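Participant: Have a look at this prediction, sequence included:
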There are 2 protein chains.
Amino acid sequence: MSLATLANRLDYQFADAGLLEQALTHRSHGARHNERLEFLGDSVLNFVVAAMLFERYARIDEGDLSRLRANLVKQASLADIAQKLDLSQYLRLGEGELKSGGFRRPSILADTLEAIFGAVFLDGGFDQARRVIVRQYQPILANVDPQTLGKDAKTLLQEFLQGRKMALPIYTVIATHGAAHSQQFEVECAIPAFEIKVVAPGSSRRAAEQSAAKLALEAAEAASPTPLKRRAGKARKTTQLTLPVAVAQDTK
Amino acid sequence: MSLATLANRLDYQFADAGLLEQALTHRSHGARHNERLEFLGDSVLNFVVAAMLFERYARIDEGDLSRLRANLVKQASLADIAQKLDLSQYLRLGEGELKSGGFRRPSILADTLEAIFGAVFLDGGFDQARRVIVRQYQPILANVDPQTLGKDAKTLLQEFLQGRKMALPIYTVIATHGAAHSQQFEVECAIPAFEIKVVAPGSSRRAAEQSAAKLALEAAEAASPTPLKRRAGKARKTTQLTLPVAVAQDTK
């Protein structure tokens, strides 16, 4: 595909087309690669997203702003945007990277997107870079829940229960499998007030707890869609979980 | 002192003086404090310094750019700038912080400076924020050695020796003192080619190694001011070290 298509998707026409080419060039491809542009692009991106969040959420504190931003600029989020832009079609990779599927690798896609933002800043100045970044992030921000984005499942479950003045969940390792270097953990998460017990596996105790918390939260939300309205007795229907690793049981 | 003096030092006149006041307000002082402005200021600062470094050092790679930036925006560097601006005179602190000397604390000074940069951005836009930041950083950048800033002593010593095609230094723990929770280490750093042996203490092995490397590098530099010109025999004069913890000895 031609670079003109990409420029249209970005809604930015480069005065110096060489800058866009450089932004698309992985270090495996040649000396004029995109790593310095990525350094610049990373920092303009962080700033523009910070300013968007600051403006959009006038009442949330800096800790939550940091959490939101970290989530919006993390590799997976950038790779998603890169995929919408079809960036993998334009990457300039060395032979080794080409053969090993580098054009699909999230790290390469994310770094390249940052390099493009850096190239726009160099080519057109800050206002153009901001415009290009805002264009990519506006639809994402429209769907963000600032209370939950980037929080882990255990935190979300704890906040869910605290919001209902309920006791905290109980995590129990119920089994471990495998040798020391490749252990598998099974952790149960119990919420007595909802009569919820779910079990989830993980390659570490921590990972298994997070998976179990996620299932338990889904079950608890299904049982109690609005805060402080339902009684524990109504939660019994959460025993009909369809999730494969969930094992919900009555506690009595 | 009046805020007008501070505005003059910053070379920026706020349209909304309330923003500058908020930037100077620690959370211990009141609800309208500076933490959200600090979030914004931190990101505009990181970006502006990144762009300055990108422009100034066209040939250094992104790893070195990151190292330089990290050093320029770290708390101690920001606190230095804050002190030049006499920021502690303007801080609005709660009583507790006032009594415990918060106006001298590097973290509070650094955070407040970032908040001021954020306030300038909100008040005057990006170009004004950039101008204010550049004004503070230009004299600092003029004195930066991009090859060494932010590198630890062991790295610098290793690079010094490699640049002269000499063998790497040898670190040896020669003594430990004290109980487990408050151990002191003494580490020797030896550079046989220079007949340098120095000893330094530290609260961890790593810290002692760094201190020893610093002394050894000073001794080696004194012995060999320009690369590949001196012979080891001339390095003998480094045995006249005046540094208190340095113990230089002949190895023969």
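Facilitator: Cool, got the structure. Residues are numbered from 1 along each chain as shown, chains lettered A, B, ... in the order given.

Participant: List of residues touching the lowest-mean-pLDDT helix or strand in chain A?
Facilitator: In chain A, no helix or strand scores lower on mean pLDDT, DSSP states H and E than helix A:95-99, which sits at a mean of 88. Here helix A:95-99 makes contact (C-beta atoms under 8 Å, 6 or more residues apart in numbering or on different chains) with A:26, A:28-29, A:103, A:108. (Each C-beta comes from the backbone N, C-alpha and C, glycine too.)

Participant: Repeat the analysis, applying 10 Å as the threshold.
Facilitator: Here helix A:95-99 makes contact (C-beta atoms under 10 Å, 6 or more residues apart in numbering or on different chains) with A:26-29, A:91-93, A:102-103, A:105, A:108.

Participant: So which of those residues belong to helices?
Facilitator: A:Ile108 (DSSP state H).

Participant: Within reach of chain B, which of the contacts of helix A:95-99 are there?
Facilitator: Subset of these in contact with chain B: A:Arg27, counting by C-beta under 10 Å from any C-beta of the partner chain.

Participant: Please flag which of the contacts of helix A:95-99 sit within strands.
Facilitator: Of the contacts of helix A:95-99, none are assigned to strands by DSSP state E.

Participant: The closest residue in space to A:Gly178 that isn't next to it in sequence: neighbour count?
Facilitator: Using C-beta to C-beta, 6 or more residues apart in numbering or on different chains and skipping the chain neighbours, the partner closest in space to A:Gly178 is A:Gln184 (5.1 Å). Residues lying near A:Gln184 (other C-beta atoms under 10 Å in any protein chain shown) number 14.

Participant: Okay, A:Gln184 and chain B: tell me how far apart.
Facilitator: 35 Å (C-beta to the nearest C-beta, to the nearest Å).

Participant: Tell me what that residue is bridged to.
Facilitator: A:His177 (DSSP bridges).

Participant: still on that earlier bit, just the buried ones among the contacts of helix A:95-99, please.
Facilitator: A:26-29, A:91-93, A:102-103, A:105, A:108 (16 or more other C-beta atoms under 10 Å in any protein chain shown).

Participant: so which of these comes closest to A:Pro201?
Facilitator: A:Arg105 (27.0 Å; C-beta to C-beta).

Participant: quick one: the closest one and A:Asp111 touch, right?
Facilitator: Yes. A:Arg105 lies in contact with A:Asp111 (C-beta atoms under 10 Å); the separation is 9.4 Å.

Participant: list the residues that contact both of the two?
Facilitator: Counting by C-beta under 10 Å, 6+ apart, the shared contacts of A:Arg105 and A:Asp111 are A:26, A:79.

Participant: Am I right that A:Arg36 is in contact with B:Ile60?
Facilitator: Yes. With contacts counted by C-beta under 10 Å, A:Arg36 reaches B:Ile60, the gap being 8.4 Å.

Participant: mind listing what's buried in the least confident helix or strand of chain A?
Facilitator: The neighbour-count check on helix A:95-99 (16+ other C-beta under 10 Å) flags A:Glu97 as buried.

Participant: what does stretch A:105-123 give?
Facilitator: A:105-106, A:108-123.

Participant: now do stretch A:61-78
Facilitator: Buried positions in stretch A:61-78, judged by neighbour count with 16+ other C-beta under 10 Å: A:62, A:64-69, A:72-73, A:77-78.

Participant: mean confidence for it?
Facilitator: For stretch A:61-78, mean pLDDT is 95.

Participant: CA-only coordinates of it in PDB, if you can.
Facilitator: Coordinates of each C-alpha in stretch A:61-78 appear next as PDB, following Å, rounded to 0.1, in the frame of the first residue of the first chain:
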ATOM      1  CA  ASP A  61      -6.900  12.900  41.400                       C
ATOM      2  CA  GLU A  62      -3.400  12.600  40.000                       C
ATOM      3  CA  GLY A  63      -3.100   8.900  41.100                       C
ATOM      4  CA  ASP A  64      -6.100   8.000  38.900                       C
ATOM      5  CA  LEU A  65      -4.900  10.200  36.100                       C
ATOM      6  CA  SER A  66      -1.600   8.300  36.100                       C
ATOM      7  CA  ARG A  67      -3.300   4.900  36.100                       C
ATOM      8  CA  LEU A  68      -5.500   5.900  33.200                       C
ATOM      9  CA  ARG A  69      -2.600   7.300  31.200                       C
ATOM     10  CA  ALA A  70      -0.500   4.200  31.900                       C
ATOM     11  CA  ASN A  71      -3.200   2.100  30.500                       C
ATOM     12  CA  LEU A  72      -3.900   4.200  27.500                       C
ATOM     13  CA  VAL A  73      -0.200   4.400  26.400                       C
ATOM     14  CA  LYS A  74       0.800   0.800  27.200                       C
ATOM     15  CA  GLN A  75       2.100  -1.400  24.500                       C
ATOM     16  CA  ALA A  76      -1.200  -3.300  24.000                       C
ATOM     17  CA  SER A  77      -3.200  -0.100  23.600                       C
ATOM     18  CA  LEU A  78      -0.700   1.300  21.100                       C
END
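
Participant: So it, near chain B or not?
Facilitator: Yes. Residues of stretch A:61-78 are located near chain B by C-beta under 10 Å from any C-beta, namely A:61-66, A:69.

Participant: got TSV for these, with secondary structure too?
Facilitator: As requested, the residues of stretch A:61-78 next to chain B are exported to TSV (DSSP: H, G, I helix; E, B strand; the rest coil):
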residue	secondary structure
A:Asp61	coil
A:Glu62	helix
A:Gly63	helix
A:Asp64	helix
A:Leu65	helix
A:Ser66	helix
A:Arg69	helix
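
Participant: Out of those residues, flag the one nearest to chain B.
Facilitator: A:Glu62 (4.0 Å; C-beta to the nearest C-beta).

Participant: what's near enough to touch the residue lying closest to A:Phe185 once chain neighbours are set aside?
Facilitator: Excluding the flanking residues, the one nearest A:Phe185 by C-beta to C-beta, 6+ apart is A:Ala208, at 4.2 Å. Contacts here follow C-beta under 10 Å, 6+ apart; on that basis A:Ala208 touches A:171, A:173-176, A:184-189, A:199-202, A:245.

Participant: I'm done for today, thanks for sticking with me.
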